[in-house]
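1. Pasting the sequence and the predicted coordinates here, then a few questions.
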Amino acid sequence: MKLTEVSLRNPAGVAVITAIILLIGVVSIFSLPTQLLPDIENPEITVATSWRAASPSEVESEIVDLIEDVLQGTPGLESMESRAFFGFAFTNLEFSLSTDMNETMLEVISRLNRLPLLPADSDPPQIILGGFNASAQKAIVSLFARLDPDSGYSKEEQAQFLKDVVATRLRSIPGVANIDSFGQLDQNMELQIVFDPHKAADLGIDITNIPGRVGRISDISGGIIDVGKRQYTLRFKGKYEPEELEGLIIEWRDGLPIKLGDFASVSLKSPRPDGIANQNGKDAIYMRVVKTNGANVMAVLNEVEKVVAELNETVLEARGINLNRSFNPAVYIMRAINLLAGNLFFGILLAVAALWWFLRKLRATMIIAITIPVSLLSTLVVLMMTGRSINVISLAGLAFATGMVLDAAIVVLENIVRLREGGMEKNKACVEGAGQVWGALFASTLTTIAIFIPVLFMENAEGQLFADLALTIAISVTFSLIIAISILPLAAGHLLKSGTLVDIHDGRWKKMAAKIIWLTGGRKRQIGWVAGLLVAPVIFTVVMMPNLNYLPPLKSDVVYGNYFAPPATSFESMNTEVNEVIIERLQPYFEGEKE
C-alpha cells in the first residue's frame, strides 16, 4: 500500500500534518457559525405593495390584478397566490426546486417594470427573495422598547428616536441585516383633510373631486429663461403648509371663492394606528432583529445583548425608554447544542471503553481511539471550508459517525497484530496488514458514502435540512479510511509492543459459538430461524411504529397564541375587547402576585 509506505518513511511529516489538522479543527470549533438549525432557502419570491387607506377590493383591482397579469408565465413558476388587505397586499410566487433564483429575480424585476401606471399615492412594489416569511425565518431575537408615560415625549417622538438612533446602531452590528418594526418605526406624518359633510352639502361641493384637486399641488419645472448673460430656471412652487391649504380655492360661486377651509379642517398628524405592542402590560414599540445569510447567530446575539445594555445605560435612560428582549434565544440554542455535544462526548468515552473491554491493552485501545478526534476535527475543517455551521443536525452527524470511524481502524490493527504474531517484521507487517484489507475497507466506506451522498442533491427543504448530517458522516468515514491506512500503521509500528494479544473472553466466544451451532442445527431449525427473523421485525415495526414528524418537537420557554377576529373588526374594538382584557387578567403575574 503506497500511502502506508510513504507514512512509514516520513513519520515526522505525518506527525506535522496531523498536528496541523488538529489545530485547524480546534480553531474551526470557535470559527464556525453556531445556530440551532441549518439555513433553508425557499425558491419563493414575494411582491409586496401598499396603497394607503385603500380597501382590499380596491387594492386587488387596481394593483394585484395588474401584478398577476405581468408575472403570469414567469419561467419555473409553479404557483402564484395573492392576498389583499386594507392598505396593502402581497403576491407570493413559488418556483420549482431547480430554478436559478438569481436569474428569476432579474426576470421578476424586468416584468414588474412593464407594469401599467399604479395609483399615484401607492408605493412601488417591493420584492422579497425567499418568500413573505423569509425575514421571519431569519429573525433571531425580538426587542421591546417600553415607554415611560412621564418622559415628556410623545410616542411619535420616541418612535422617531428609536428609528434614528437605536435601529441605526443595531443595524451596524456585524451579521445584522435589518431591524423589522412592522411599521411602528416607519409611520411618517401624514396630511389629513377632515370634511364636514353637512357644510359640503350646503355649499354643493362634490367631495369626490377634492383629492384630484389637492393632489395636483406639487412642485413642477417650468423651463429655462435666458436674461442677458444669465440663465434662470423657472419653477412653480406648489407645496402648501397645512394652514395654507385651508385657503385653497375649490370653486367660484357668483364671483366669490369657496375655499377648502370653509367645509374642512387640514392638519398634519400621525397616521391612524393599525396595531399595538405591549410588554408586561406596558405600552411598547416592537422591533425584530434579522440576521444576514451565514451569520454566526450566537455571536450576533451576544453583540446585540451588549449594544442593548449600552443603550439602556446611556441615551435610552434619558428618554424614558427601556429596551429589552422578549426572551433569550441564546440560552435555548446553547441548551440544545450543549446537550448534543455532551452526548457526543459520552459517546466517544463509551466507544473507547468498549474497545478496551475487548482488547484489554491500553496502547492498542489508544491507537484505535486516535481515529476519533482526527476524523471529527478533520470533518469540522471541511465544514468550515464549505460554509456550513455548527447546529444540532451537524452535531448529530458527528455523533453518528463516532462509532463508524472506528471500524476501519479496528480491522487494520487486528490484521497488523495477526501478521506480527505470525513472525513478520514490524514495518512489513504494517504495510501488508493495511494492504490486505484495503480493498474491503474501501468498498465498505464507499457503500456508506453511497447511502448518504444522495441527500446532498435533494434541493427541497428536507434535503437542505439534513445535508449537514449526510455531509458530516460521509466526510468522517472517508477520513477514517485515510487515517486507518496512514496514521494508524505508523502508530502501531512505534507504539505497539511485540507479543500476543490474549483474548480473555476466548472461552465465552467458544461457548457462544457452540450454542449458536446447536440452535441452528438441522433444516427445520434453520427454516424456522429464517422465517422468524423475517416476520418478527415486520411485526415489531408495525406495533412499535412511533408518530411520524418532520422534526421532533423542540422545547422552548415561549408560548405563542394567535387570535383571529371576524372580518371588518375595527382595531379599537380588538384593543379594548381582547388586548386590554388579556393584559388585565395577566397583570397579577406581571407584578409577581401570582405565578
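-> The structure has been received and is ready for your questions.
2. Now stretch 313-323: buried residues?
-> 316, 319, 321, 322, 323 (16 or more other Cβ atoms under 10 Å). Every C-beta, even on glycine, is put in place using the N, C-alpha and C of the backbone.
3. Adding secondary structure, write the residues you listed out as TSV.
-> As requested, those are exported to TSV (DSSP: H, G, I helix; E, B strand; the rest coil):
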residue	secondary structure
316	helix
319	helix
321	strand
322	strand
323	strand
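4. Need these in CSV (columns: pLDDT).
-> Listed next are the buried residues of stretch 313-323 as CSV, based on pLDDT from 0 to 100:
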residue, pLDDT
316, 89
319, 87
321, 89
322, 89
323, 90
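5. now, among those, which is nearest to residue 425?
-> residue 323 (73.1 Å; Cβ to Cβ).
6. Just list whatever residues bridge to that closest one.
-> Note on residue 323: beta-bridge partners by DSSP bridges are residue 145.
7. my guess is it meets residue 314, correct?
-> No: the criterion here is Cβ atoms under 8 Å, and residue 323 misses it with residue 314 at 11.3 Å.
8. what's the closest residue to residue 578 other than its chain neighbours sitting at in phi/psi?
-> Spatial nearest neighbour of residue 578, chain neighbours left out: residue 563 (6.0 Å); criterion: Cβ to Cβ, 6 or more residues apart in numbering. Note on residue 563: its backbone torsions stand at phi -120, psi 120 [degrees, to the nearest 10].
9. Neighbours of residue 563, how many?
-> Neighbours of residue 563 under the rule other Cβ atoms under 10 Å: 8.
10. can you check residue 31 too?
-> Residue 31 has 12 nearby residues by other Cβ under 10 Å.
11. Name all residues that make contact with it.
-> Residue 31 sits next to residue 384 when contact means Cβ atoms under 8 Å, 6 or more residues apart in numbering.
12. Next one: it from residue 6, what distance?
-> 31 Å (Cβ to Cβ, to the nearest Å).
13. go on, residue 411?
-> Taken as Cβ to Cβ, the span from residue 411 to residue 6 is 21 Å.
14. which of these two has more neighbours?
-> Neighbours per residue (other Cβ under 10 Å) separate residue 411 from residue 6, with residue 411 holding more: 18 against 12.
15. would you say that one is within a strand?
-> No: assigned with three-state DSSP, residue 411 falls outside any strand and is helix.
16. The stretch 1-150 of the chain: helices as residue ranges?
-> 2-9, 11-31, 56-59, 65-71, 101-112, 134-138 (DSSP state H, counting those that start in this stretch).
17. Endpoints of stretch 52-65, how far apart?
-> In stretch 52-65, first residue to last residue: 17 Å (Cα to Cα, to the nearest Å).
18. Let me see the mean pLDDT of it.
-> When pLDDT is averaged over stretch 52-65, the result is 84.
19. One more: stretch 141-149?
-> 87.
20. Equivalent analysis for stretch 10-23, please.
-> Stretch 10-23 shows an average pLDDT of 89 in the prediction.
21. likewise stretch 440-447?
-> 91.
22. got it, and stretch 367-378?
-> Here the average pLDDT along stretch 367-378 is 88.
23. What of stretch 275-283?
-> So the average pLDDT for stretch 275-283 ends up being 81.
24. which of the residues in that stretch are buried?
-> Neighbour-count burial for stretch 275-283 [16+ other Cβ under 10 Å]: 277, 278, 279, 281.
25. likewise stretch 174-182?
-> Quick answer for stretch 174-182 (16+ other Cβ under 10 Å): 175, 176, 177, 178, 179, 180, 181.
26. Stretch 456-475 now?
-> Neighbour-count burial for stretch 456-475 flags 463-475 (criterion: 16+ other Cβ under 10 Å).
27. Report back the residue of this protein that's furthest from centre.
-> When distances to the mean C-alpha position of the chain are computed (Cα atoms, centre = their mean), the maximum falls on residue 254, with 68.5 Å.
28. which phi and psi does that one have?
-> Phi and psi for residue 254, reported as degrees, to the nearest 10, are phi 50, psi 40.
29. again, but for the one 3 residues further on
-> Reported as degrees, to the nearest 10, the phi and psi values for residue 257 are phi -80, psi 140.
30. number of nearby residues for residue 130?
-> Residues within reach of residue 130, counting by other Cβ under 10 Å, total 18.
31. For the nearest residue to residue 263 once chain neighbours are set aside, what are phi and psi?
-> Nearest non-adjacent residue to residue 263, counting by Cβ to Cβ, 6+ apart: residue 199, 3.8 Å away. Main-chain torsions, residue 199, degrees, to the nearest 10: phi -60, psi -40.
32. and which of the buried residues of stretch 174-182 is nearest residue 493?
-> When the buried residues of stretch 174-182 are ranked by distance to residue 493 (Cβ to Cβ), residue 175 comes first, at 48.2 Å.
33. What separation is there between the residue lying closest to the closest one once chain neighbours are set aside and residue 44?
-> Among residues not flanking residue 175 along the chain, residue 295 sits closest, at 3.4 Å (Cβ to Cβ, 6+ apart). Distance, residue 295 to residue 44, by Cβ to Cβ: 21 Å.
34. Same list (the helices of the stretch 1-150 of the chain) but as JSON lines, adding distance to residue 126.
-> As requested, those are arranged in JSON lines below (distance: least, Cβ to Cβ, whole Å):
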{"stretch": "helix 2-9", "distance to residue 126": "57"}
{"stretch": "helix 11-31", "distance to residue 126": "35"}
{"stretch": "helix 56-59", "distance to residue 126": "14"}
{"stretch": "helix 65-71", "distance to residue 126": "12"}
{"stretch": "helix 101-112", "distance to residue 126": "10"}
{"stretch": "helix 134-138", "distance to residue 126": "12"}
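35. what's the closest of the ones you listed to residue 417?
-> Among the helices of the stretch 1-150 of the chain, the nearest to residue 417 by Cβ to Cβ is helix 2-9 (15.4 Å).
36. Tell me which other helices or strands the closest one touches.
-> Of the remaining helices and strands, those touching helix 2-9 by 3 or more Cβ pairs under 8 Å, 6 or more residues apart in numbering; DSSP states H and E are helix 426-456, helix 487-495.
37. what packs against the next helix or strand after the longest one?
-> On the C-terminal side of helix 426-456, the closest following helix or strand by DSSP states H and E is helix 461-484. In this structure, helix 461-484 packs against helix 371-385, helix 392-404, helix 406-421, helix 426-456, with contacts taken as 3+ Cβ pairs under 8 Å, 6+ apart.
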